[in-house]
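Student: Sequence and predicted structure are below.
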Amino acid sequence: MNIPLYVTVAIIFLLLIGLVALYNNLVAKRQMVDNGWADIDVQLKRRADLIPNLVEVVKGYAAHEKTVLDEVIQRRNDALAASAPDANREAVESAISQGLSRLFALAEAYPDLKANEQFLQLQGELSDTETKIAYARRFFNGAVREYNTAIQTFPAVLMAGPFGFTAREFFEIEQVDRLLPDVSFKD
């Protein structure tokens, strides 16, 4: 039984169309991961930009607490130097959260500072930014999950390796380290 040439050509054409569609799907998922990381990076940069302003406000009230303030600025600089979503970046971002917790705890010791409008505004912006970071991290991790699943399932697994699609890491930071402290402004 001979298969006519046009049937063979049609089958090959359909296989090629399927492979192209599969490749394009993998590229789209990789782009979603990259987009998710860019969203996280924007929010982390926003947080890093807010920190010096917050430190300056606190400095006016707590000049003798220089070590805490210097530590927060150093951790911010470390975070700006890190770029990729890897274990080092996770550790740096956790350190920033811990430093901010200490900074807000320091603010508790200064009632005038707790009532300062600029401090309250900056604290609110940081809190908002932390929420945006959490949302961006969830989006990124969802995109990573979909991408990793796509490159590890058949038949995409046959294409993923040769075309350079490799698994990505989730961006996870311990939730305790990411939360801003619950600061009460009531006396």
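Tutor: Arrived safely.

Student: For the longest helix along the chain, name the packing helices and strands.
Tutor: Criterion DSSP state H: the longest helix present in the chain is helix 5-61. If you count contacts as 3 or more Cβ pairs under 8 Å, 6 or more residues apart in numbering; DSSP states H and E, helix 5-61 packs onto helix 66-81, helix 87-108, helix 111-115, helix 117-152, helix 156-160. Every residue, glycine included, has its C-beta placed from N, CA and C.

Student: The longest one - contacts with which helices or strands?
Tutor: Put plainly, it is helix 117-152. When contacts are defined as 3+ Cβ pairs under 8 Å, 6+ apart, helix 117-152 packs onto helix 5-61, helix 87-108, helix 156-160, helix 175-178.

Student: switch the cut-off to 10 Å
Tutor: Counting contacts by 3 or more Cβ pairs under 10 Å, 6 or more residues apart in numbering; DSSP states H and E, helix 117-152 is packed against helix 5-61, helix 87-108, helix 111-115, helix 156-160, helix 175-178.

Student: Of all those helices, which one is nearest residue 132?
Tutor: Judged by Cβ to Cβ, the one of the helices and strands packed on helix 117-152 that comes nearest to residue 132 is helix 5-61, at 4.7 Å.

Student: Looking at that closest one now, give me its mean pLDDT.
Tutor: Helix 5-61 shows a mean pLDDT of 89.

Student: report the angle between the axes of that helix and helix 87-108?
Tutor: 30 degrees (axes from the mean of the first three to the mean of the last three Cα atoms, to 10 degrees).

Student: How far away from the center of its chain is helix 5-61?
Tutor: Taking Cα atoms, centre = their mean, to the nearest Å, one finds helix 5-61 lying 12 Å from the centre of the chain it belongs to.

Student: wouldn't residue 76 be in contact with residue 97 here?
Tutor: No - shown here, residue 76 and residue 97 do not form a contact pair, counting by Cβ atoms under 10 Å, at 11.4 Å.

Student: shared neighbours of the two, which are they?
Tutor: residue 47 (Cβ atoms under 10 Å, 6 or more residues apart in numbering).

Student: got a pLDDT number for the residue nearest to residue 141 when sequence neighbours are not counted?
Tutor: Once flanking residues are discounted, residue 141 sits nearest to residue 170: 4.9 Å by Cβ to Cβ, 6 or more residues apart in numbering. Per-residue pLDDT puts residue 170 at 88.

Student: Who are the contact partners of residue 170?
Tutor: Contacts of residue 170 (Cβ under 10 Å, 6+ apart): 85, 90, 137, 140-142, 144-145, 148.

Student: Tabulate these (CSV), appending pLDDT, neighbour count and distance to residue 6.
Tutor: Listed next are those as CSV, based on pLDDT from 0 to 100; neighbours: other Cβ atoms under 10 Å; distance: Cβ to Cβ, whole Å:
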residue, pLDDT, neighbour count, distance to residue 6
85, 65, 23, 50
90, 73, 18, 56
137, 89, 23, 52
140, 93, 24, 47
141, 92, 19, 48
142, 94, 14, 44
144, 94, 21, 43
145, 95, 13, 43
148, 95, 19, 40
